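In: The following block contains a protein sequence and its predicted model.
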Amino acid sequence: MPRFTALFSAALLATGLMTGVAQAQQSADTAQSQSPSAQAPAQDFSDDQLQQFADASQEIAVVSQEYTERLQSAEGEEAQQEVRAEANEEMIQIVENSGLDVDTFNSIGQAIQQNPEMMQRVQKMAGQS
């Protein structure tokens with residue numbers, strides 16, 4: 001589950017849709033506090049990696065919106081877990097299809113949270129694709 005929430009949060013942050021997703025952010029914060037490597041200093045990423053991140057984030061934003069709606073209408077914990085698992089698999093597939101692995105995607109997501117200039121670069125790349 002931490003993998004999903006970190007991926008979900010990074011995608012939403014990158015596309016400027018973070019408002020209204022406090023629960024996902026809380027889960028991501030919990031996941032980050034449990035993983036020391038998640039708080040490592042920002043590293044340098046190539047323009048290609050940032051473009052892959054931007055492209056994947058846009059796709060993930062669409063998917064996450066769809067699954068957020070499905071999650072809200074799911075009745076019961078079991079149904080919600082199914083929706084989360086399905087969303088997780090689809091988002092992982094999007095990231096892998098972009099040419100990145102999930103860890104690199106999450107690292108970029110965390111780096112742009114700490115680096116406003118990198119965030120602007122990714123947002124510009126997302127706007128051009």
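Out: The structure has been received and is ready for your questions. Residues are numbered from 1 along each chain as shown.

In: Show me the shaky parts of the chain.
Out: 1-42, 129 (pLDDT under 70).

In: how about 90 then?
Out: Applying pLDDT under 90 to the chain flags the ranges 1-44, 64-65, 68-69, 71-72, 74, 123, 125-129.

In: which one's the longest helix in it?
Out: helix 47-73 (DSSP state H).

In: Please identify the buried residues of it?
Out: Burial within helix 47-73, assessed by neighbour count using 16 or more other C-beta atoms under 10 Å, is assigned to 49-61, 63-64, 67-68, 70-71. No exception for glycine: its C-beta is placed from N, CA and C like everyone else's.

In: Residue 122 against residue 113, yeah?
Out: No. The criterion here is C-beta atoms under 8 Å, and residue 122 misses it with residue 113 at 11.0 Å.

In: which of these two has more neighbours?
Out: residue 122 (24 against 17; other C-beta atoms under 10 Å).

In: Apart from its chain neighbours, what residue comes closest to that one?
Out: Sequence neighbours aside, residue 54 is the residue nearest to residue 122 in space, at 5.0 Å (criterion: C-beta to C-beta, 6 or more residues apart in numbering).

In: residue boundaries of the helices in the protein?
Out: 2-14, 22-34, 47-73, 77-98, 102-114, 116-128.

In: From the contact counts, what lies against the fourth one?
Out: Of the remaining helices and strands, those touching helix 77-98 by 3 or more C-beta pairs under 8 Å, 6 or more residues apart in numbering; DSSP states H and E are helix 2-14, helix 47-73, helix 102-114.

In: what about 6 Å?
Out: Helices and strands touching helix 77-98, by 3 or more C-beta pairs under 6 Å, 6 or more residues apart in numbering; DSSP states H and E, are helix 47-73, helix 102-114.

In: which other residues reach it?
Out: Residues from elsewhere that reach helix 77-98, judged by C-beta atoms under 6 Å, 6 or more residues apart in numbering: 4, 7, 52, 55-56, 59-60, 63, 67, 70-71, 74, 102, 105.
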